[in-house]
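A.B. asks: I would like the atomic coordinates for the input below:
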Amino acid sequence: MLATELIDPMIPALKSSDSVGQALDWMQEHHIGQLVLTDQGEYRGVVTEELLMDIPDDTQPLSNVMRLFEQVYVFENQHLYEILSLIIQHRMDVVAVLNEGREFIGTVSASELIRQFAQELGVQEAGAILILNLNERDYSLTEISRLVESNNVKIISSYFSSASYGMPDRSRLTLKLNRRNITAVISTLERFGYQIEAAFANTPVESIDQDRLDSLLRYLNT
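C.D. replies: Numbers count the residues shown, from 1 in each chain. Got it, this is the predicted structure:
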């Protein structure tokens, strides 16, 4: 999914001539702490509720106030993952989308990105989650997929987390599967030497003890 498809038409863009008070009113109305600032169609940065609240005169135009992220934006053809990485890196609530001519065309919100990312991962789909401990040199999604699918189960999505430096056996592979009953999948993976760190499913998993299930729940809640 590309930036142009993620633009939220309900989020307004501020103009340099708008007042501090107008900006705060719009932030309150849209329940958001940041808004994009533009000047004659050009992106000028992001203004934040926190900074605006410190300005005693709310009739001041936004052209006189401090703005952030003036060089941080995305182009319309950038992928969701790139945008999400940028927003996390800079801790932004919104990001401006520009076209090839560097004209402002809309705003993407962090909340919409997270929602779309969750859909990409298949979070809303019914099914189990498996977390495997791996040594990076043993990582082969093709092989793991073959073993999973040998039990008539499909991988909806996967996420690989590299190990910390000097700890090659601490890489993790998180799998979202399309079935709740994954006992056979676990047995197959363990038979081929894969270490299951945790598993979560709505139906009982005989070969995974409660401590592992509890650790997964803690992992998902962090």
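A.B. asks: And stretch 82-98, end to end?
C.D. replies: One end of stretch 82-98 to the other measures 14 Å (C-alpha to C-alpha, to the nearest Å).
A.B. asks: In that stretch, which residues are buried?
C.D. replies: By 16 or more other C-beta atoms under 10 Å, the buried positions in stretch 82-98 come out as 83-84, 86-87, 92-98. Yep, even glycine has a C-beta here, placed from its N, CA and C like the rest.
A.B. asks: Show me the shaky parts of this structure.
C.D. replies: Where the chain drops to pLDDT under 70, the residues are 120-124, 163-169, 202-222.
A.B. asks: per-domain residue ranges of it.
C.D. replies: Domain assignment for the chain, taken from automatic domain parsing, gives 3-118, 129-220.
A.B. asks: on that earlier part again, give me the subset of the buried residues of stretch 82-98 that lies in strands.
C.D. replies: 94-98 (DSSP state E).
A.B. asks: Show the subsequent helix or strand relative to the one helix or strand T188 maps to.
C.D. replies: Element membership for T188 (DSSP states H and E) is helix 183-191. Downstream of helix 183-191, the next assigned helix or strand under DSSP H and E is strand 195-200.
A.B. asks: partners of that following strand in the sheet?
C.D. replies: Under the criterion DSSP bridges, strand 195-200 sits next to strand 129-134 (antiparallel) in its sheet.
A.B. asks: buried stuff in the partner strand?
C.D. replies: 129-132, 134.
A.B. asks: got those as TSV, with distance to D57 columns?
C.D. replies: Putting the buried residues of strand 129-134 into TSV (distance: C-beta to C-beta, whole Å) gives the following:
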residue	distance to D57
I129	52
L130	57
I131	54
L132	58
L134	58
